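Trainee: Structure here, sequence nowhere to be found:
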Ligand SMILES: *Cc1c(COP(=O)(O)O)cnc(C)c1O
């Protein structure tokens with residue numbers, strides 16, 4: 001098994017077949033399991049084997065298939081599937097932190113992630129220090145002997161700034177802190193986060209893992225010891241487990257994720273090159289472009305530029321809205337990693353709640369557009385973006 005390559009694992013990894021030998025993975029849409037005898041029930045509650053399940057909140061065969069397949073892709077020993085990406089972020093942090101612990105976190109976070117580290121954790125006595133994630137000196141200054149963990153998104157939303165996983169991990173290791181990485185924008189296809197020093201890797205499966213905008217889901221990945229002894233008890237008792245139907249949708253997503261993400265990345269590169277130099281744009285941000293300040297880090301950390309880009313339209317919000325309203329193929333929405341190309345205006349939607357000061361600090365201007373590149377023909381997408389820029 002272990003010598004198989006990624007694409008093979010994405011199609012076959014973790015598969016559990018019933019006595020019918022079904023070709024496609026079965027959806028075990030059951031919350032519970034009947035035991036052959038009272039003695040079997042007792043034994044299973046005492047210690048459940050690999051293929052023995054008790055209750056869907058604890059585990060389910062379809063969910064287990066998803067966990068094993070995504071763990072094979074990420075290169076971790078194990079994973080715990082969650083109801084959403086936020087259930088994964090919350091579970092990864094809450095399962096290992098307690099009152100009196102210190103957490104250092106990057107400031108540029110998905111809104112709900114910021115809510116957890118900035119509002120919820122302090123309420124339970126966890127002290128949190130926020131830093132500029134791209135600045136290793138700030139991490140160095142912030143960690144202390146009582147720092148239990150560090151947390152960051154490896155590529156920030158929406159300005160695509162990278163955090164150097166290996167650099168932060170080295171600093172964290174110096175004080176014995178665990179490294180927890182929300183790796184959504186990097187995607188599991190381009191992730192080498194564990195080799196770079198991450199202890200726990202989190203995905204919102206809602207994004208590239210589904211890749212077709214159908215379902216919410218998430219996963220927490222790490223060592224078997226950590227996932228089964230720390231994460232699982234917290235998740236199974238607090239209720240953020242993934243449904244079997246969702247796991248089935250995501251298993252199908254994993255079969256094609258490598259093909260999809262690589263195709264989306266190729267298109268993103270073509271689009272970034274086509275837009276760079278367009279006179280109606282004051283800035284094009286794409287880690288795959290040499291003009292990106294962290295281009296070398298992107299190549300070292302991900303080996304690619306990824307499926308997301310951002311650009312700034314001269315003329316602020318009014319011009320940005322005129323551009324968006326002129327798009328004919330690209331949709332206005334806020335999902336990402338989808339087969340459909342999506343334009344987002346962060347300042348008025350995903351990041352609306354941030355103070356102007358915070359928006360300025362994060363570079364979220366009124367002219368900034370985030371683009372999640374999908375699976376349409378790249379030439380059609382470039383044509384659509386260029387005609388919308390011209391129509392402005
Ligand atoms: C979307 C997202 C989440 C939350 O995931 P949900 O599936 O929406 O709960 C967390 N982190 C990042 C970076 C995201 O993009």
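Mentor: Arrived safely. For clarity, every value in this text was computed on a predicted model and none was experimentally measured.

Trainee: what's the closest non-adjacent residue to the closest residue to the ligand within the stretch 101-250 of the chain?
Mentor: Proximity of the stretch 101-250 of the chain to the ligand (Cβ to the nearest ligand atom) peaks at residue 204, 3.0 Å away. C-beta coordinates here come from the backbone N, C-alpha and C atoms, glycine included. Spatially, and ignoring its direct neighbours in sequence, residue 204 is nearest to residue 85 (2.3 Å; Cβ to Cβ, 6 or more residues apart in numbering).

Trainee: What of residue 298?
Mentor: In space, residue 298 is closest to residue 287, 3.6 Å off (Cβ to Cβ, 6+ apart).

Trainee: Ok, residue 213 next?
Mentor: residue 338 (4.7 Å).

Trainee: most centrally placed residue in the chain?
Mentor: residue 184 (2.0 Å; Cα atoms, centre = their mean).

Trainee: okay but it is in contact with residue 85, surely?
Mentor: Yes. Under the criterion of Cβ atoms under 8 Å, residue 184 makes contact with residue 85 at 6.9 Å.

Trainee: Please enumerate the shared neighbours of those two.
Mentor: 202-204, 207 (Cβ atoms under 8 Å, 6 or more residues apart in numbering).

Trainee: For the stretch 101-250 of the chain, which segments are assigned as strands?
Mentor: Taking DSSP state E, counting those that start in this stretch as the criterion, the stretch 101-250 of the chain carries its strands at 102-106, 127-131, 147-153, 178-182, 200-204, 218-222.

Trainee: who does the third one pair up with?
Mentor: In other words, strand 147-153. strand 102-106 (parallel), strand 178-182 (parallel) (DSSP bridges).

Trainee: Next, the buried residues of it.
Mentor: The neighbour-count check on strand 147-153 (16 or more other Cβ atoms under 10 Å) flags 147-153 as buried.

Trainee: a markdown table for these, including distance to the ligand?
Mentor: A markdown table is the format used below for these (distance: Cβ to the nearest ligand atom, whole Å):
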| residue | distance to the ligand |
| --- | --- |
| 147 | 22 |
| 148 | 21 |
| 149 | 16 |
| 150 | 16 |
| 151 | 11 |
| 152 | 10 |
| 153 | 5 |
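
Trainee: one step back: my guess is the residue of the stretch 101-250 of the chain closest to the ligand meets residue 184, correct?
Mentor: Yes. If you go by Cβ under 8 Å, residue 204 and residue 184 touch, sitting 5.1 Å apart.

Trainee: Next, the contact list for whatever residue of the chain ends up closest to the ligand, please.
Mentor: In the chain, no residue comes nearer to the ligand than residue 85, which is 2.2 Å away by Cβ to the nearest ligand atom. Taking Cβ under 8 Å, 6+ apart as the criterion, residue 85 is in contact with 184, 202-207, 216-218.

Trainee: Okay, helices next: where are they in the stretch 1-150 of the chain?
Mentor: In the stretch 1-150 of the chain, the segments counted as helices under DSSP state H, counting those that start in this stretch are 6-12, 38-46, 61-74, 85-94, 111-115, 121-123, 136-142.

Trainee: Show me what the longest one is packed up against.
Mentor: So that's helix 61-74. helix 6-12, strand 78-82, strand 218-222, helix 244-275 (3 or more Cβ pairs under 8 Å, 6 or more residues apart in numbering; DSSP states H and E).

Trainee: Can you give me the distance of residue 198 to residue 309?
Mentor: Separation of residue 198 from residue 309 (Cβ to Cβ, to the nearest Å): 24 Å.

Trainee: Settle it for me: which of these two has more neighbours?
Mentor: residue 198 (28 against 25; other Cβ atoms under 10 Å).

Trainee: Show me the chain divided up by domain.
Mentor: 6-253, 258-391 (automatic domain parsing).

Trainee: Show me how far the shortest one is from its chain's centre.
Mentor: Offset of domain 258-391 from its chain centre (Cα atoms, centre = their mean, to the nearest Å): 18 Å.

Trainee: in the sheet, who's paired with the closest residue to residue 177 other than its chain neighbours?
Mentor: Spatial nearest neighbour of residue 177, excluding adjacent residues (Cβ to Cβ, 6+ apart): residue 147 at 4.4 Å. Taking DSSP bridges as the rule, residue 147 bridges to residue 102.

Trainee: State whether residue 147 and residue 178 are indeed in contact, as I suppose.
Mentor: No. Residue 147 is beyond contact range of residue 178, at 9.3 Å (criterion: Cβ under 8 Å).

Trainee: Quick check: neighbours shared by these two?
Mentor: Counting by Cβ under 8 Å, 6+ apart, the residues touching both residue 147 and residue 178 are residue 172.

Trainee: before we move on, back to that, which stretch of helix or strand covers the residue nearest to residue 213?
Mentor: Residue 338 belongs to no helix or strand when elements are defined using DSSP states H and E.

Trainee: wait, it sits on residue 372?
Mentor: Yes. Assessed by Cβ under 8 Å, residue 338 is found in contact with residue 372 at 6.2 Å.

Trainee: any low-confidence regions in this structure?
Mentor: 1-2 (pLDDT under 70).
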